[in-house]
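# I would like the atomic coordinates for the input below:
(one chain, ligands or ions: 1)
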Amino acid sequence: MTEVTTSHTAAGGSGDANGHGGAGPLPLASFDDPHLQPLAKHPKRAEATVAVLLVIGLLGFAAYGAVYWVGGQPQVEGITMGIGLFFFGFGLSAWGKYLLPQGPFVEQRHELSSPPAARAAMAAAVTERGGMVLRRRSVLGGILGAGGAVMGVVLAFPLLRSLGPVPKQSLDTTNWKKGSYLVDSLGRRVHVADLAVGGALTVFPEGYTSDEDMAVDQTMLLRIAGPDVSIVTAPHRKTWGPDGYLAFSKVCTHAGCPVGLYQHQTLQLVCPCHQSMFDVGQGRPALPVFGPAPRPLPQLPLYVDSAGFLRSQASYDQPIGPGFWERTTRAHYS
Ligand code: FES
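Residues are numbered from 1 along each chain as shown. This next block holds a predicted model:
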């Protein structure tokens, strides 16, 4: 029986050029080795089967070529190419599975680690040189440590400064208070006759015109019904919506965008940022009915004074806008 020699025999037989030890000459491989035998019990039959599969695949490719040559027909081309690929692949898989050696194969290698003496010498050298470095670089080491400490403190500055002042009660309150006149963005007081049914207007408390104030005070004033109709959005809010008027905070309870769209047909306020929708009809105190907003928009209680101007009965009954850690859901008027 023929014997074969693996290609790494010479290199692995006597160790490498650095003197690392080897495991001795590798044994010669033989075709009689059971690892190199085909897995099939009847190799001849397996060989014939593989040949048939490959021939069918070959005929499929040839058919594809012929169809293409005479002008082509997409469906026939697809079928013939599919037959060729399927049977050729099937034949190659069967060839590999039944007619090629299956292993397992083991490759002898020399030990990779250094001899104990070399490892001990290396450890001694590292220890000695490390000690020298520390002895001779103590000043630099001290400067390095001091620099690192100063850098740590300096890096903390922006973090501490960016926390800003403590908000205290500012997140809980707005500038709306008892008796505030409702004014538009130009500071004009809103009269009960100003809005037609279906109208909407952004309003603010009179006297607060800074950007910061307007950001938290902005309120959507809606007229959802005609005069002499009081809209009751919740049982304890019977007097909050005089003459068909309602007012809700314009700061979305999801992420604080201005809820500036109003659909009178459906009586819904819509936030354009993430499409939260709030129902504002009778018995619906701006409940979110769609989108990510988790809470209703706070409602501002209104009244009409003797001169016909719209004014607030009080501030909002709860904090406006998105949630924050210390936020309570307690409503002042519930
Ligand atoms: S901010 Fe209004 S839905 Fe997200």
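# where exactly do the strands run in this structure?
Applying DSSP state E to the chain gives strands spanning 3-4, 29-30, 182-183, 200-205, 219-223, 245-249, 261-263, 268-270, 277-279, 287-290, 302-304, 310-312.
# Show me the one of these that comes nearest Met122.
Closest to Met122 of the strands of the chain is strand 29-30 (C-beta to C-beta; 37.7 Å). For the C-beta atoms, the positions are set from N, CA and C on the backbone; glycine is no exception.
# I'd like the mean pLDDT over the closest one, please.
In this model, strand 29-30 has a mean pLDDT of 66.
# Dump the strands of the chain to JSON lines, plus distance to the ligand and mean neighbour count.
Below are the strands of the chain laid out as JSON lines (distance: least, C-beta to the nearest ligand atom, whole Å; neighbours: other C-beta atoms under 10 Å):
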{"stretch": "strand 3-4", "distance to the ligand": "73", "mean neighbour count": "10"}
{"stretch": "strand 29-30", "distance to the ligand": "71", "mean neighbour count": "14"}
{"stretch": "strand 182-183", "distance to the ligand": "23", "mean neighbour count": "22"}
{"stretch": "strand 200-205", "distance to the ligand": "16", "mean neighbour count": "20"}
{"stretch": "strand 219-223", "distance to the ligand": "13", "mean neighbour count": "24"}
{"stretch": "strand 245-249", "distance to the ligand": "12", "mean neighbour count": "26"}
{"stretch": "strand 261-263", "distance to the ligand": "11", "mean neighbour count": "16"}
{"stretch": "strand 268-270", "distance to the ligand": "9", "mean neighbour count": "20"}
{"stretch": "strand 277-279", "distance to the ligand": "9", "mean neighbour count": "22"}
{"stretch": "strand 287-290", "distance to the ligand": "9", "mean neighbour count": "16"}
{"stretch": "strand 302-304", "distance to the ligand": "23", "mean neighbour count": "18"}
{"stretch": "strand 310-312", "distance to the ligand": "23", "mean neighbour count": "22"}
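# what's the closest of those to Gly147?
When these are compared by C-beta to C-beta, strand 245-249 sits nearest Gly147, at 51.2 Å.
# by how many degrees do that closest one and strand 219-223 diverge?
160 degrees (axes from the mean of the first three to the mean of the last three C-alpha atoms, to 10 degrees).
# show me what contacts Ala51?
Contacts for Ala51 (C-beta atoms under 8 Å, 6 or more residues apart in numbering) come out as Gly91.
# Ok, Leu58 next?
With contact set as C-beta under 8 Å, 6+ apart, Leu58 has these partners: 84, 88.
# Kindly provide the distance from it to Glu77.
Going from Leu58 to Glu77 by C-beta to C-beta, to the nearest Å gives 16 Å.
# do you know how far Val149 is from the ligand?
For residue 149 the amino acid is Ala, not Val. According to C-beta to the nearest ligand atom, to the nearest Å, Ala149 and the ligand sit 43 Å apart.
# And Val232, by the same measure?
With C-beta to the nearest ligand atom as the criterion, Val232 and the ligand are 26 Å apart.
# for Pro235, same thing?
Taken as C-beta to the nearest ligand atom, the span from Pro235 to the ligand is 27 Å.
# swap in Pro298?
Using C-beta to the nearest ligand atom, Pro298 is found at 14 Å from the ligand.
# got any ranges where the stretch 1-150 of the chain has weak pLDDT?
Where the stretch 1-150 of the chain drops to pLDDT under 70, the residues are 1-31, 34-40, 130-137.
# Which residue would be the closest one in it to the ligand?
Residue of the stretch 1-150 of the chain nearest the ligand, by C-beta to the nearest ligand atom: Val150 (42.5 Å).
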